[in-house]
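> Model the following, please.
(one chain, ligands or ions: 3)
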Amino acid sequence: MTRNVLLLPGDGIGPEIAAQAARLLEACQKAGLDIEVEEALVGGSAYDAHGEPLPAATLDKAKAADAILLGAVGGPKWDSIEDLSKRPEKGLLGLRKNLGLFGNLRPALLYPQLADASSLKPELVSGLDIMIVRELTGGIYFGQPRGIEERNGERVGYNTYVYSESEIERIGRVAFEMAQKRSKKLCSVDKANVLEVTMLWREVMERLAPEYPDVELSHMYVDNAAMQLVRAPKQFDVVVTGNMFGDILSDAAAMLTGSIGMLPSASLNESGQGMYEPCHGSAPDIAGKNLANPLAMMLSVAMMLRYSLDENAMAERIENAVGKVLDDGLRTADLTADSASAIGTDAMGDAVLEAFARQSA
Ligand code: NAD
Ligand code: IPM
Ligand code: MN
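Numbers count the residues shown, from 1 in each chain. Ligands and ions are numbered 1, 2, ... in the order given. Sure, this is the predicted structure:
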């Protein structure tokens, strides 16, 4: 049966890395993958064309797709749009919320070849393999009330950090099940010494634990977790946390693996439909210069094959192709201090495609 993949390039470096993902999808088709690929607009590019960061046509296509691949959205060009509901980021948040993509998996995996690209000493990161499970459709990102308004002669801005027991429970189950498939260690990150919402978070995680007796559950405050991630990151295996803490910790974890340009992600809903995107943003500082590392995007294709299309062998082929390219010493500028030897986005895409083709032959 032909499956539908919706490609949403977005803004900034989004289209540059999406072009490499599109070529990779073509190579997968040649290798026997039965998919149809369609493209649509989201973010600033959708705002420019239709006045909306998430046009109804894009949302309809996303709902109908078996899987969605997204580049990145946002950029300074749109930062002054006064109607906050029209900002590019709202396109991404709208997709997550409308499709119910509550379970965000962000695997911070160090390719051994990149140990010296990490900002930490190689011995601290060698063998690093952390899975951050981030709640993606709740918490302070979506809580009501929110806004900026006049109070007592000055403006105040406010957001609401709220989680219901059922929201905590369902992300907790994703994390416990992930821990069961990995090293059976789960660390829940919260701020339960201060915030009631995360006291409840901790209580619900504790309540679930007896249902997963093979998993060892621990808890850590988020400030300590940030510190431990850069002190001794290998103590972590699966980490589960709320929307905002997960956003912050996953960028920090990304750097341990050499670059934010290496970290893919999957965002899953209750029916297994998924959206796949690199964890990084639209990188306006390097957009349009053929400098972006396309590997997080290409590894997001591998995650899509694994989690939504049930094509594990093809996913592995992509991951092995990335490993091969790194073995060969190929590096985009973010992965090396030696800028003279760095290759561009297109050349990195070429190299992965070649390695992929050699493996499938
Ligand atoms: P960013 O991730 O875009 O960039 C941070 C730094 O990392 C920059 O120096 C950038 O050049 C570098 N970088 C990021 N991806 C890279 C890649 N693939 N290869 C090489 N270098 C890379 O974060 P930011 O600067 O805080 O945000 C820029 C814009 O992106 C903002 O509008 C923000 O809202 C948006 N954003 C979007 C997403 C998303 O679409 N999922 C995620 C984060 C930020
Ligand atoms: C991410 C991004 C998004 C987030 C923004 C662009 C809405 O930083 O995917 O990590 O905060 O979730
Ligand atoms: Mn982020």
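
> so what's the spatially closest residue to Gly261 that is not a sequence neighbour up against?
In this structure, Gly261 finds its nearest non-sequential neighbour in Asn293, 2.9 Å apart by Cβ to Cβ, 6 or more residues apart in numbering. Quick note: C-beta positions are derived from backbone N, CA and C, even for glycine. With contacts defined as Cβ atoms under 8 Å, 6 or more residues apart in numbering, Asn293 is in contact with Ile17, Ser259, Gly261, Met262, Thr332, Ala333, Asp334, Leu335, Thr345, Met348.

> Kindly recompute the last result at 6 Å.
Gly261, Thr332, Asp334 (Cβ atoms under 6 Å, 6 or more residues apart in numbering).

> how close does the second one get to ligand 2?
Plainly put, Thr332 is 20 Å away from ligand 2 if you go by Cβ to the nearest ligand atom, to the nearest Å.

> per-residue confidence at that residue?
Listed pLDDT for Thr332 reads 98.

> Can you report phi and psi for it?
In this entry, Thr332 is assigned phi and psi values of phi -80, psi 170 (degrees, to the nearest 10).

> Can you tell me the SS state at Pro145?
Following DSSP: H, G, I helix; E, B strand; the rest coil, Pro145 is assigned to coil.

> How much space separates it from Tyr161?
12 Å (Cβ to Cβ, to the nearest Å).

> So for those two, which sits in the more crowded spot?
Counted by other Cβ atoms under 10 Å, Pro145 and Tyr161 do not tie: Tyr161 has more neighbours, with 17 against 8.

> on that earlier part again, for the residue nearest to Gly261, report the pLDDT, please.
98.

> again, but for Ala266
Reported pLDDT at Ala266 in the predicted model: 98.

> Look up phi and psi at it.
Main-chain dihedrals, Ala266, degrees, to the nearest 10: phi -130, psi 140.

> Quick check: phi and psi on the residue of the stretch 51-200 of the chain at minimum distance from ligand 1?
Ranking the residues of the stretch 51-200 of the chain by distance to ligand 1 (Cβ to the nearest ligand atom) places Gly74 first, at 2.5 Å. Gly74 has phi and psi values of phi 100, psi 170 when expressed as degrees, to the nearest 10.

> Ok, the one 4 residues further on next?
With angles defined as degrees, to the nearest 10, Trp78 sits at phi -110, psi 0.

> Now do Trp201 against ligand 1, distance only.
Here the distance between Trp201 and ligand 1 works out to 24 Å (Cβ to the nearest ligand atom).

> I'd say that residue and Asp190 touch.
Yes - checked against Cβ atoms under 6 Å, the pair Trp201 and Asp190 is within contact range at 5.0 Å.

> quick one, which of these two is more surrounded?
Neighbours of Trp201 and Asp190, each counted by other Cβ under 10 Å, are more numerous for Trp201; the result is 28 against 23.

> The more buried one: which element?
According to DSSP states H and E, Trp201 maps onto helix 196-208.

> How about the secondary structure of the nearest residue to Ser126 once chain neighbours are set aside?
Counting by Cβ to Cβ, 6+ apart, Ala115 is the residue found nearest to Ser126 once chain neighbours are left out, at 5.2 Å. What three-state DSSP gives for Ala115 is helix.

> With the one 5 residues further on instead?
Assigned with three-state DSSP, Leu120 falls in the coil class.

> Just give the closest residue to it, not the sequence neighbours.
Counting by Cβ to Cβ, 6+ apart, Leu120 lies nearest to Leu256, which is 5.9 Å off, once chain neighbours are set aside.

> For ligand 2, see how far away that neighbour is.
According to Cβ to the nearest ligand atom, Leu256 and ligand 2 sit 16 Å apart.

> show me where pLDDT drops low in the stretch 251-361 of the chain?
Applying pLDDT under 70 to the stretch 251-361 of the chain flags residues 360-361.

> Which residue does it have closest to ligand 2?
Among the residues of the stretch 251-361 of the chain, Cys279 lies nearest to ligand 2; the distance is 5.5 Å by Cβ to the nearest ligand atom.

> thinking that residue is in contact with Leu263, fair?
Yes - with contact defined as Cβ under 6 Å, Cys279 counts as touching Leu263 (4.2 Å).

> anything in contact with each of these two?
Both Cys279 and Leu263 are contacted by Ala254, under the criterion Cβ under 6 Å, 6+ apart.

> re the thing from before, what's the spacing between the residue lying closest to the residue of the stretch 51-200 of the chain closest to ligand 1 once chain neighbours are set aside and Glu39?
Once flanking residues are discounted, Gly74 sits nearest to Pro88: 4.4 Å by Cβ to Cβ, 6+ apart. Taken as Cβ to Cβ, the spacing of Pro88 relative to Glu39 amounts to 17 Å.

> ok, back up a step: quick check: neighbours shared by Pro145 and Tyr161?
In the contact map built from Cβ under 6 Å, 6+ apart, no residue is linked to both Pro145 and Tyr161.

> just to revisit the earlier point, show me what contacts the residue of the stretch 51-200 of the chain closest to ligand 1?
Listed by Cβ under 6 Å, 6+ apart, the contact partners of Gly74 are Asp11, Pro88, Glu89, Ser282.
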